[in-house]
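*Asks:* Model the following, please.
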Amino acid sequence: MSEKLRGKVAVVTGSGRGIGRAMALKLASEGARLVLNDLDDAPAAAVREEIIALGGEAVACCGNVAAADFADRLIAAATGAFGGLDILINNAGYTWDNVIQKTTDEQWHAMLDVHLTAPFRILRAAQPVIRELSRTDAAAGRRTVRKVVNISSVAGVFGNAGQANYSAAKAGIMGLTMTLAKEWGRLNTTVNCVAYGLIKTRMTEVTGSADAAIQVEGREIKVGVNPGLMAMLERSIPLGRAGTPEEAAGAAYLFCIPESDYVSGQTLLCTGGLTGI
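*Replies:* Down below sits the predicted model:
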């Protein structure tokens with residue numbers, strides 16, 4: 001294991017699967033202590049075991065990030081288990097697509113709740129902790145740079161047909177990122193954003209079935225991409241393929257390491273060169 005993030009306390013939401021799992025494993029491989037999160041206990045427990053096998057430390061705080069009481073519980077898990085908070089990645093989410101005339105209020109609010117309101121609440125809950133840690137550092141003559149990475153999408157940058165709800169939420173998280181970069185600079189905390197393009201996860205698995213779905217809080221959400229559509233999408237990407245979760249995690253990792261200590265308020269496109277959809 002490397003020493004680059006040795007001893008840092010990192011919180012990653014949605015880290016039981018896909019990109020979030022890859023993020024957690026990447027940070028752990030660099031020495032960070034992890035607070036993991038998933039809707040379900042089993043995926044988070046499995047990632048925790050992987051991290052322990054690497055020689056790292058991790059705890060899980062499972063539950064729906066969109067729940068009104070979740071943010072306080074998540075931040076308390078970090079301070080309670082490890083006594084601090086150094087890295088916070090707001091990654092949890094899913095898509096629930098429809099053209100606007102068929103989008104229900106429930107679909108609209110579900111996407112804003114998970115992709116925008118949940119990060120807002122988590123960051124609001126984190127601010128007093130980060131403020132006090134910053135004051136403690138200053139009193140001791142230390143300078144510690146803390147890191148926030150919010151996750152957006154090219155749908156938030158360029159829009160995407162059938163995703164008015166998701167695109168609006170992902171555009172909003174970029175605005176929140178830029179605002180908090182200005183508010184939290186005095187706390188020696190950088191706030192950045194990564195906007196992903198097509199990444200291979202269970203949400204974008206190639207499937208020939210129209211029935212592929214996941215369960216989210218009792219809702220059945222259609223997932224998967226038709227093979228022909230996937231091939232067309234990949235042809236539109238300059239690198240000629242979808243990204244892997246590990247490649248997606250690498251983009252977020254860039255904002256977590258000391259080399260990016262003077263980078264804040266930025267949105268990095270991790271898209272294989274795609275500049276529009």
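
*Asks:* quick one, helices of the stretch 151-277 of the chain?
*Replies:* 154-158, 164-184, 227-235, 245-254 (DSSP state H, counting those that start in this stretch).

*Asks:* Kindly present the ones you listed as a markdown table, with separate columns for distance to residue 43, mean pLDDT and mean neighbour count.
*Replies:* All C-beta atoms are positioned from the backbone trio N, CA, C, and that covers glycine. Below are the helices of the stretch 151-277 of the chain laid out as a markdown table (distance: least, Cβ to Cβ, whole Å; pLDDT from 0 to 100; neighbours: other Cβ atoms under 10 Å):
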| stretch | distance to residue 43 | mean pLDDT | mean neighbour count |
| --- | --- | --- | --- |
| helix 154-158 | 25 | 96 | 22 |
| helix 164-184 | 22 | 98 | 20 |
| helix 227-235 | 24 | 80 | 13 |
| helix 245-254 | 13 | 98 | 21 |
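
*Asks:* which one of these lies closest to residue 105?
*Replies:* helix 164-184 (10.0 Å; Cβ to Cβ).

*Asks:* before we move on, back to that, what would the helices of the stretch 151-277 of the chain look like in CSV with distance to residue 85?
*Replies:* Shown next, in CSV, are those (distance: least, Cβ to Cβ, whole Å):
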stretch, distance to residue 85
helix 154-158, 26
helix 164-184, 12
helix 227-235, 37
helix 245-254, 17
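
*Asks:* out of those, nearest to residue 217?
*Replies:* Using Cβ to Cβ, the nearest of the helices of the stretch 151-277 of the chain to residue 217 is helix 164-184, at 15.9 Å.

*Asks:* what packs against that closest one?
*Replies:* Counting contacts by 3 or more Cβ pairs under 8 Å, 6 or more residues apart in numbering; DSSP states H and E, helix 164-184 packs against helix 105-112, helix 118-139, strand 146-153, helix 154-158, strand 189-196.

*Asks:* mind redoing it with 10 Å?
*Replies:* Contacts defined by 3 or more Cβ pairs under 10 Å, 6 or more residues apart in numbering; DSSP states H and E place helix 164-184 against strand 87-90, helix 105-112, helix 118-139, strand 146-153, helix 154-158, strand 189-196, strand 267-270.

*Asks:* now the angle between strand 146-153 and it, please.
*Replies:* Here the directions of helix 164-184 and strand 146-153 differ by 160 degrees (axes from the mean of the first three to the mean of the last three Cα atoms, to 10 degrees).

*Asks:* Run the chain-centre distance for helix 164-184.
*Replies:* Between the centre of helix 164-184 and the centre of its chain there are 13 Å (Cα atoms, centre = their mean, to the nearest Å).

*Asks:* Quick check: nearest residue in space to residue 123, chain neighbours excluded?
*Replies:* Nearest residue to residue 123 in three dimensions, chain neighbours excluded: residue 180, at 6.3 Å (Cβ to Cβ, 6 or more residues apart in numbering).

*Asks:* so the one you found makes contact with residue 147?
*Replies:* No - Residue 180 is not in contact with residue 147 according to Cβ atoms under 10 Å; the separation is 11.9 Å.

*Asks:* Touching both of the two, which residues are there?
*Replies:* Listed as contacting both residue 180 and residue 147 by Cβ atoms under 10 Å, 6 or more residues apart in numbering are 189, 190, 191, 192, 264.
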